[in-house]
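Colleague: Okay, predicted coordinates and the sequence, questions at the end:
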Amino acid sequence: MTGVQTCALPICKFLYISLCIFVFSVLKVSAQQNDSGAVSFLKITPDARSGGMGEIGVALPTNAFAFYHNAAAVVFAREKAAIAYSYIPWMRDKVSGYDFHTGGGFFKIGEKQGIVAGFRYLTYPSIETIDEDGNSAGKAEPNEWAVDLGYSRVIVKNFALALTAHYIHSDMGMADAASAVAFDLGLYYHRKTSLLEGAVWTVGLQVANIGTKIKYADTKYDLPGVAKLGGSLSLPFSKSHQLLCGVDLNYQLIPSGSELFSGGVGAEYTFKQLVSVRGGYHFADEDKGGENYATVGCGLNICNITGDFSWLSADSNSALKNTYRLTVGYRFGAKRK
């Protein structure tokens, strides 16, 4: 048994390195092929927990939004299943009408398998349309949505792999609606550390939104592919006091077709598994269209009913200034630490 465990870690390292090389090669080629500003809603962090921690999530303990962050994490969840709904009034400080609704959940099948599912829906402000003669033709109601479904499985001890599929639909109200199919690949590895009794460190990797092009009229656009690498450390100082810290590093495609590196750092303190407070910072290269901003958040867990809130504090000129996230959910069969 010891020999198997000894071999497992080198295998995991090999998979991580191989996948990183593959991912960055694919994204580099894609960036050179076409610019893309299409379906950017796929990059919006949907839930308030991650929203309060600098928008990190690829290596955090899982929640109902695993379909977005990293589906591979669900097989290590303490609960049997979870569901949640999240609402974001996107860019609320600048313009109204951008409302982002997300539903998600997961279900564990035994101890080594799990499935994830999600639905994302973004509405845009109404648009006045005109006919060929220049007369009013009523209002258009642009919207975009995605349906998400994934499968996760333990490959070796403490290491899991997941594949998630997305069907994406975009109707901007001015032409025929467009659709595309995309896939995510996720890896998740966690292990106890001697730093503190019960402490666990985790490494996560996700490649997201790699798929077909989306076509509007006669023009095709790449999807916003992104690679994420993250790490986290869980420190249970006692049954009443727990600290979770994490960091994400992202490489993503942007409309200009150039590279954009971004990331986030965040922390969460939980008291008696009832109340959580969170803080974080998201960073990116502003010269290439990225934004830097701080985030704060809080959460409640009462009888496995969860409620979370986060707030984003950005520069006064940012469209994201004062954006908030509100999430409610329920955990089935949750085990107490």
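Modeller: Nice, I can see it. Numbers count the residues shown, from 1 in each chain.

Colleague: Can you give me every residue that contacts V116?
Modeller: Contact analysis of V116 by Cβ atoms under 8 Å, 6 or more residues apart in numbering lists 66-67, 71, 74, 104-106, 148-152, 162, 164. C-betas here are computed from N, CA, C, even on glycine.

Colleague: mind running it again at 6 Å?
Modeller: Listed by Cβ atoms under 6 Å, 6 or more residues apart in numbering, the contact partners of V116 are 66-67, 71, 74, 106, 150.

Colleague: do A162 as well
Modeller: With Cβ under 6 Å, 6+ apart, A162 has these contacts: 71-72, 150, 152, 186.

Colleague: Need those in a markdown table (columns: pLDDT and neighbour count).
Modeller: Listed next are the contacts of A162 as a markdown table, based on pLDDT from 0 to 100; neighbours: other Cβ atoms under 10 Å:
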| residue | pLDDT | neighbour count |
| --- | --- | --- |
| A71 | 97 | 31 |
| A72 | 97 | 33 |
| G150 | 98 | 25 |
| S152 | 98 | 29 |
| G186 | 97 | 27 |
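
Colleague: could I get the residues you listed as a markdown table with secondary structure and distance to G333?
Modeller: Shown next, in a markdown table, are the contacts of A162 (DSSP: H, G, I helix; E, B strand; the rest coil; distance: Cβ to Cβ, whole Å):
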| residue | secondary structure | distance to G333 |
| --- | --- | --- |
| A71 | helix | 19 |
| A72 | helix | 20 |
| G150 | strand | 20 |
| S152 | strand | 17 |
| G186 | strand | 23 |
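
Colleague: okay, M91: pLDDT?
Modeller: As predicted, M91 sits at a pLDDT of 86.

Colleague: and the closest residue to P89 other than its chain neighbours, how many residues sit next to it?
Modeller: Distance criterion Cβ to Cβ, 6 or more residues apart in numbering; nearest residue to P89, sequence neighbours excluded, is D99 at 5.9 Å. By other Cβ atoms under 10 Å, 16 other residues sit near D99.

Colleague: just V95 next, same as before
Modeller: A count of nearby residues for V95, using other Cβ under 10 Å, gives 11.

Colleague: So the nearest residue to it once chain neighbours are set aside: helix, strand or coil?
Modeller: The shortest distance from V95 to any residue other than its chain neighbours is 6.6 Å, reached at P125 (Cβ to Cβ, 6+ apart). Of the three states, P125 takes coil under DSSP: H, G, I helix; E, B strand; the rest coil.

Colleague: And the one 3 residues further on, by the same measure?
Modeller: Secondary structure state of E128, per three-state DSSP, is strand.

Colleague: Look up the closest residue to it, ignoring the ones flanking it.
Modeller: The nearest residue in space to E128 (Cβ to Cβ, 6+ apart) is K139, at 6.0 Å.

Colleague: Check which helix or strand the one you found maps to.
Modeller: Element membership of K139 [criterion: DSSP states H and E] is strand 136-140.

Colleague: Which stretches in the stretch 51-200 of the chain count as strands?
Modeller: For the stretch 51-200 of the chain, applying DSSP state E, counting those that start in this stretch gives strands covering 81-89, 99-109, 113-123, 127-130, 136-140, 143-156, 159-171, 178-192, 200-211.

Colleague: any chance of these in CSV, plus distance to S316?
Modeller: CSV is the format used below for those (distance: least, Cβ to Cβ, whole Å):
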stretch, distance to S316
strand 81-89, 18
strand 99-109, 22
strand 113-123, 25
strand 127-130, 28
strand 136-140, 31
strand 143-156, 28
strand 159-171, 31
strand 178-192, 35
strand 200-211, 31
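
Colleague: which one of these lies closest to A294?
Modeller: strand 81-89 (17.1 Å; Cβ to Cβ).

Colleague: Remind me what the closest one packs against, helices and strands.
Modeller: The contact analysis (3 or more Cβ pairs under 6 Å, 6 or more residues apart in numbering; DSSP states H and E) places strand 81-89 against strand 99-109, strand 324-332.

Colleague: circling back to that earlier point, and the furthest pair within the contacts of A162?
Modeller: Once Cβ to Cβ is applied, the contacts of A162 give A72 and G150 as the farthest pair, at 9.0 Å.

Colleague: Let me know the closest of the contacts of V116 to V181.
Modeller: Taking the contacts of V116 together and measuring to V181 by Cβ to Cβ, the closest member is G150, at 13.4 Å.

Colleague: contacting residues for the closest one?
Modeller: 67, 71, 116, 162, 164.

Colleague: do you know how far the first one is from I127?
Modeller: Using Cβ to Cβ, to the nearest Å, one gets 30 Å for the distance from F67 to I127.

Colleague: now the helices and strands packed on strand 81-89 as TSV including mean pLDDT and distance to V296?
Modeller: As requested, the helices and strands packed on strand 81-89 are exported to TSV (pLDDT from 0 to 100; distance: least, Cβ to Cβ, whole Å):
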stretch	mean pLDDT	distance to V296
strand 99-109	97	19
strand 324-332	97	10
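
Colleague: Thanks a lot, catch you later.
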